[in-house]
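In: Requesting a structural model of the entry that follows:
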Amino acid sequence: MDKRDFIKRLYAGIFFIIGLGLIMVVILAIGMEKGLTQPKFQVTVLFREVGGLSEGAPVRLSGVTIGTVAHIDFLKEHIRGRSVKVILNIFQRYKEQFAQGTRFAIKTEGVLGEKLVEISIDDVSGRLDLTQPIIGEDPLDVQDLANTFTEAAVSFKDASASIDDVIDELQNISRATRRLMHRVEERLLDGTLFKIF
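Out: Down below sits the predicted model:
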């Protein structure tokens, strides 16, 4: 191997090592941004249904991302009417704020309808027992909402038809009253209103 081949291989090796180093830095930076290197603790939340929630979805407390959905699975036995368990990975630094959460709900975000777990804080309720499963609220089902709107529209249509019937009846009464008043006026003018014989 001559000197030129050695230098070419040396440069190729150096560029290869630099490239690997840059890839590692990028992966580490993305991992830190996503919280992959942060210490976490796990909490179980029980739902009746998850409405399309997937693993890796964000967990937010008052709009701040504090973790991700780690795992979704069915329960062997229903607990308080819930049949699906969702295990959340929560960043350790948010443990104090998380323990104040009282309302766990699955929400839809964005135009594409991505699902996430939203946690709300209620100042009245006490702290959570993080060793026990937490009971979550059912997600708002778009199909149920559409059915409710359809039922409301049918009710409004029926009410409108009833109001139309009442208005028609009032118009008939008004016409009959006008005819009666017209006859009374004619008889009054003829002087025959009070004549019986």
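In: How far does the lengthiest helix in the chain sit from its chain's centre?
Out: Criterion DSSP state H: the longest helix present in the chain is helix 142-190. Relative to its chain's centre, helix 142-190 lies at 41 Å (Cα atoms, centre = their mean, to the nearest Å).
In: Could you find the closest non-adjacent residue to the residue at minimal distance from the centre of the chain?
Out: Centroid-nearest residue in the chain, with Cα atoms, centre = their mean: K107, separated by 2.8 Å. Nearest residue to K107 in three dimensions, chain neighbours excluded: E118, at 4.4 Å (Cβ to Cβ, 6 or more residues apart in numbering). Quick note: C-beta positions are derived from backbone N, CA and C, even for glycine.
In: For the one you found, name its beta-bridge partners.
Out: R60, A105 (DSSP bridges).
In: Can you spell out which helices and strands pack onto the biggest strand by length in the chain?
Out: Ordering each strand of the chain by length in residues (DSSP state E) puts strand 64-79 first. Packed against strand 64-79 by the contact rule (3 or more Cβ pairs under 8 Å, 6 or more residues apart in numbering; DSSP states H and E) you find strand 40-47, strand 58-61, strand 82-91.
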